[in-house]
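**Student:** make a model of this:
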Amino acid sequence: MRLKSFAPAIAVLLASSSFLATRLAAQNPPDPSIAEAARLNRERKKTTTAKPGAVITDDTLHPSTSSASSAASSATTPTSAANTSAPAAAGAPDQPEVSKEDADKRKAQIAAVKQEMKDKQSEVELAQRLLSLDQDALLSKTDYSHDTAGKAKIDSERADLKQKQDDLEKLKAKLQSLGPEPASAPAPPKP
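**Tutor:** The predicted structure follows:
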């Protein structure tokens, strides 16, 4: 007798569970296929890919000399060695011929000025950091307006920083006056 009373209850239970299972399955959308996910990922990468940055060349840095060099390079043809030497000679009146010793000496001067600039830049950055730290230390005091020694130290550091920045600007001007580094001797063309 017990078996007969459980049979209808089990049937109702199975029917309701299958009904609930189909409802739950209908609520959850199917997962996208792997191919669909890969396609969406590629599209997302295409839209979020950043454009490459601008390339800085000698032409962008020195536009006045680039017109002469582009005219000289457009006149050259790789088929004959005579044609390659003619445009180089055409560009020569702008710059006097420099011996190898002079070119090496100038390269050494430029390298020395660049090293000085690098060292001075480090000094400027260090002075800026020190000034910033000392200013923060002074201003963190409750009665900083009465701290004359702290103010004098800050003023001294500002003057020192200004002097170092001026020295750095002078070095930049000196490097600019030396002009561009002399080009190395071109390698002989391959046959």
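
**Student:** can you map out the strands along this protein?
**Tutor:** Counting by DSSP state E, one finds no strands in the chain.

**Student:** where is the longest helix in it?
**Tutor:** When every helix of the chain is counted residue by residue (DSSP state H), the longest turns out to be helix 100-139.

**Student:** now that helix: mean pLDDT?
**Tutor:** Here the mean pLDDT over helix 100-139 is 89, rounded to a whole number.

**Student:** shaky segments in the chain?
**Tutor:** Counting by pLDDT under 70, the chain shows low-confidence ranges at 1-4, 23-32, 48-53, 63-98, 181-191.

**Student:** show me where it has helices.
**Tutor:** Secondary structure of the chain (DSSP H): helices at 2-27, 34-48, 58-61, 63-75, 81-91, 100-139, 148-178.

**Student:** in TSV, list those helices along with mean neighbour count.
**Tutor:** For glycine as for every other residue, the C-beta is placed from the backbone atoms N, C-alpha and C. Written out in TSV, the entries for those read as follows (neighbours: other C-beta atoms under 10 Å):
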stretch	mean neighbour count
helix 2-27	9
helix 34-48	9
helix 58-61	11
helix 63-75	12
helix 81-91	12
helix 100-139	13
helix 148-178	13
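
**Student:** now do Ile110 against Ala103, distance only.
**Tutor:** Ile110 sits 11 Å away from Ala103, taking C-beta to C-beta, to the nearest Å as the criterion.

**Student:** likewise for Lys151?
**Tutor:** Distance from Lys151 to Ala103, by C-beta to C-beta: 52 Å.

**Student:** what's the answer for Gln115, then?
**Tutor:** For Gln115, the distance to Ala103 (C-beta to C-beta) stands at 19 Å.

**Student:** repeat for Leu171
**Tutor:** From Leu171 over to Ala103 the distance is 22 Å, taken as C-beta to C-beta.

**Student:** over to Lys118?
**Tutor:** The span separating Lys118 from Ala103 equals 22 Å under the rule C-beta to C-beta.

**Student:** by contact count, what packs against the longest helix of the chain?
**Tutor:** Counting contacts by 3 or more C-beta pairs under 8 Å, 6 or more residues apart in numbering; DSSP states H and E, the secondary-structure elements packed against helix 100-139 are helix 148-178.

**Student:** quick one, the helix it packs on and helix 100-139 angle?
**Tutor:** Note on geometry: by axes from the mean of the first three to the mean of the last three C-alpha atoms, to 10 degrees, helix 148-178 and helix 100-139 are set 160 degrees apart in direction.
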